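Trainee: no sequence on hand, only this structure:
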């Protein structure tokens, strides 16, 4: 795998390079927003399998880099922060981050997250990638990562697609957050982590934009998780 690290703390970069135990991976580094912007707007972006971005860079915002990168590619992006809370995680996820880690972090765990995101992108972790079904009146195509209704369309991120697939697999039954976390986020659920809630709200927003009545298909099951109702396969 080719992994780009956008991080201005030299000690963090050196820790990653020294502790990254998979010699098959290539780790490159950029230290400034200016360098990162040139990279994001170049053909080089397509050569990378994952990008790690520090939220607080000396010369600018990592969130803006995330926004630019996400507008140009579906490459997995993990945000890194030395100081953050639930709101900052929600901000990163709403802009399009696939994952979020806090410093100090375990390099072994980070490497596992990177590899699992990469495998999901390749489709090895999504055997039903071509699944298509209806959510209320809206056509949901997991393979094309799109929601369609009445001639209008809304794109889905890869993570949004995985969450909808997990909910569909358990359609009509309560789907615990622990199950969604393992199958869509590839990690165990932390009750303090609001990642799943943020993504559910984003999905409801996209459904509402297409057909307000259909957004009610995603039900909140208090103390458990969510349930997807009013669905059928195409």
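Mentor: Cool, the structure landed. Just so we're clear, the structure is a prediction, and the values are computed from it rather than from any experiment. Numbers count the residues shown, from 1 in each chain.

Trainee: so residue 210 touches residue 146, yeah?
Mentor: No - using Cβ atoms under 8 Å, residue 210 is not in contact with residue 146, being 10.5 Å away. No exception for glycine: its C-beta is placed from N, CA and C like everyone else's.

Trainee: okay, the two: which has more neighbours?
Mentor: residue 210 (20 against 15; other Cβ atoms under 10 Å).

Trainee: how close does that one sit to residue 133?
Mentor: Distance of residue 210 to residue 133, computed by Cβ to Cβ, to the nearest Å: 15 Å.

Trainee: returning to that earlier point: so what sits against both of residue 210 and residue 146?
Mentor: Common neighbours of residue 210 and residue 146, using Cβ atoms under 8 Å, 6 or more residues apart in numbering, are residue 154.

Trainee: name the element residue 140 belongs to?
Mentor: Here residue 140, judged by DSSP states H and E, is contained in strand 138-141.

Trainee: from the rest of the structure, what touches that strand?
Mentor: So strand 138-141 is contacted by 132-134, 146-149, 156, 164, 168, 207, 210-211, 214, 234 (Cβ under 8 Å, 6+ apart).

Trainee: cutoff 10 Å now
Mentor: Outside strand 138-141, the residues within contact range by Cβ atoms under 10 Å, 6 or more residues apart in numbering are 130-134, 146-150, 152-154, 156, 161, 164-165, 168, 203, 206-207, 210-211, 213-215, 217, 228, 231, 234.

Trainee: domains of this structure?
Mentor: 2-122, 132-233 (automatic domain parsing).

Trainee: would a markdown table of those domains with mean pLDDT be doable?
Mentor: A markdown table is the format used below for the domains of the chain (pLDDT from 0 to 100):
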| stretch | mean pLDDT |
| --- | --- |
| domain 2-122 | 88 |
| domain 132-233 | 88 |
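
Trainee: and the most centrally placed residue in the chain, how far from residue 38?
Mentor: Closest to where the C-alpha atoms of the chain average out (Cα atoms, centre = their mean) is residue 98, at 2.2 Å. To residue 38, residue 98 is 23 Å away according to Cβ to Cβ.

Trainee: quick one, helices of the chain?
Mentor: 10-19, 33-40, 62-72, 86-95, 107-122, 158-169, 177-180, 195-210 (DSSP state H).

Trainee: pick the most deeply packed of those.
Mentor: Of all the helices of the chain, helix 158-169 has the most neighbours on average by mean count of other Cβ atoms under 10 Å, namely a mean of 22.

Trainee: quick revisit: surely the residue nearest to the centre of the chain meets residue 121?
Mentor: Yes - the criterion here is Cβ atoms under 10 Å, and residue 98 meets it with residue 121 at 9.2 Å.

Trainee: so what sits against both of those two?
Mentor: Both residue 98 and residue 121 are contacted by 50, 74-76, 158, under the criterion Cβ under 10 Å, 6+ apart.

Trainee: which of these lies closest to residue 44?
Mentor: residue 75 (11.4 Å; Cβ to Cβ).
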